[in-house]
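Participant: Structure here, sequence nowhere to be found:
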C-alpha cells in the first residue's frame, strides 16, 4: 500500500530534515525531496554518545519572533523545538571531530524557518477549504502513523513512533500538532489541488520514459573474462617470493600467448602459470563492469568478442593475457515494468508543482517577514 502524503511529511519532520514537497519545485524537489527510508532499529543504538554543545549559544542569533505570516507569529521557541533533531546530528558530528560553525547553524535555522513559513501558509490555505487542524485530528493521525511505523520495525526490535520522536529530541505532543496540520494540508490537496491537475496517461509516461532512459537502468554493460597474470618483482601486489624481472615476465607472457594461440587450453595454462588467485578457476574473473579494472585491462576485455584472446597487456600488476568469454549489454527496465509506478510519480510531481504555484502566489499576497532572511538576522543582533 502506498504511504500517504501525511505519513511521509510527518516522518520527514520528525527526522528533522527538509520537508521537500512544500519548499522545493520541479527537478530540484524530485532529487532533494525523496522519500526517507526509516530503519527504526538504527535509531539510536550502536552510535557514539552525543557531545555536549551549548546550543543556547549556537542559536543566540535567532530573534524572539522569527517570522510573521499574516497575523501569525513563528517564535524562537517553536523554531528551536523543530531544530532538535538537527542538534542531535550536530552533536554526533562533533563527537566524530567535525564541529559545525556559526554559518552552518544559521543555514540550518534558515532552512527550518522557511519550512515552518511554508507550513503556516499551506495550513492557512487549507483551513479555508477543509477546516482548521484540531487536537482530535492530531491524536487520530498519531495513532494511524504509529500503526504504520510499527510495520517497519524489524522482528525482535521494540520501537514505537513515540520512542523515535523522543530519540530525536522532539516532544510527541508538539508532533501531534504538526501531524494535524499536515493532515489538513493532505485533505485540501485531495479536495482542491488534485482535481485541477490533468491525469497523466500512458502516452505522457511513455514520452518521459523514452526521453529519460538512463533513469531506468537495471544493469550496466558487463563482460566476463579470464586472464593469466605474470607478475614480476616490484609489481603492484607482487608476492614477496616473486623474483622474476619485468623483462623476463614479459617474455614469459609472450611465450604463453604463443602456446594458447597454438591450441593450448587457456584454463589449463592459467592454472599452471597465473599469479592471480583466479588461477584456481582457470583464470575466470566472472562478470565485471567498467571502472572495476585498470584502464588497460578494461579496454582489452570490453574490446573483444566472445572467445577472443588479447595480446599481452601490461598493467601495474604485471603482464596479462585476457580472454573475453561473455558480454552483457546495458539492461533497462521495460516501459511495462515501470509504467504504473512512473504514472504515479509523474502525477505526484504535477500535483506538487501545482501546490507550489498556489503556495508561491499566496505568499506574494500575504504579509510575510522572515527575520532570518539574508542580512536580517545580523541586523537584529
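Facilitator: Sure thing, it's come through. Everything quoted here is computed from the prediction, not taken from an experiment. Numbering: from 1, shown residues only.
Participant: what bits of this protein have low per-residue confidence?
Facilitator: 1-51, 374-381 (pLDDT under 70).
Participant: which helix of it spans the most residues?
Facilitator: Among all segments of the chain classified by DSSP state H, the helix with the greatest residue count is helix 335-365.
Participant: who does that one touch, helix- and strand-wise?
Facilitator: Helix 335-365 sits against helix 26-32, helix 102-130, helix 202-211, with contacts defined as 3 or more C-beta pairs under 8 Å, 6 or more residues apart in numbering; DSSP states H and E. Every C-beta, even on glycine, is put in place using the N, C-alpha and C of the backbone.
Participant: Mind putting these into TSV with distance to residue 218?
Facilitator: As requested, the helices and strands packed on helix 335-365 are arranged in TSV below (distance: least, C-beta to C-beta, whole Å):
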stretch	distance to residue 218
helix 26-32	20
helix 102-130	35
helix 202-211	13
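Participant: Residue 174 and residue 112: what is the separation?
Facilitator: Taking C-beta to C-beta, to the nearest Å as the criterion, residue 174 is separated from residue 112 by 14 Å.
Participant: More neighbours: which of these two?
Facilitator: It is residue 112, of residue 174 and residue 112, that has more neighbours when counted by other C-beta atoms under 10 Å, with 26 against 16.
Participant: got a list of what the more buried one touches?
Facilitator: Taking C-beta atoms under 8 Å, 6 or more residues apart in numbering as the contact definition, residue 112 lies against 79, 82, 83, 86.
Participant: Between which two of those is the distance greatest?
Facilitator: Maximum pairwise distance among those (C-beta to C-beta): 10.8 Å, between 79 and 86.
Participant: Toward the C-terminus from the biggest strand by length in the chain, list the very next helix or strand.
Facilitator: Longest strand of the chain, by residue count under DSSP state E: strand 318-328. Per DSSP states H and E, the first helix or strand lying C-terminal to strand 318-328 is strand 331-332.
Participant: which residues sit against that next one?
Facilitator: Taking C-beta under 8 Å, 6+ apart as the rule, strand 331-332 contacts 213, 216, 217, 218, 219.
Participant: Look up how far residue 339 lies from the second one.
Facilitator: Pointing back at residue 216 there. Per C-beta to C-beta, residue 216 is found 11 Å from residue 339.
Participant: cool, the third one as well?
Facilitator: Distance of residue 217 to residue 339, computed by C-beta to C-beta: 17 Å.
Participant: Would you tell me which one of the helices and strands packed on helix 335-365 is buried the most?
Facilitator: helix 102-130 (a mean of 19; mean count of other C-beta atoms under 10 Å).
Participant: coming back round to it: which of the contacts of residue 112 lies closest to residue 209?
Facilitator: Nearest to residue 209 among those, counting by C-beta to C-beta, is residue 86 at 37.7 Å.
Participant: Can you classify that closest one by secondary structure?
Facilitator: Secondary structure for residue 86, judged by DSSP: H, G, I helix; E, B strand; the rest coil, is helix.
Participant: wait, doesn't it sit right on residue 108?
Facilitator: Yes - applying C-beta atoms under 8 Å as the test, residue 86 and residue 108 come out as touching, 5.2 Å apart.
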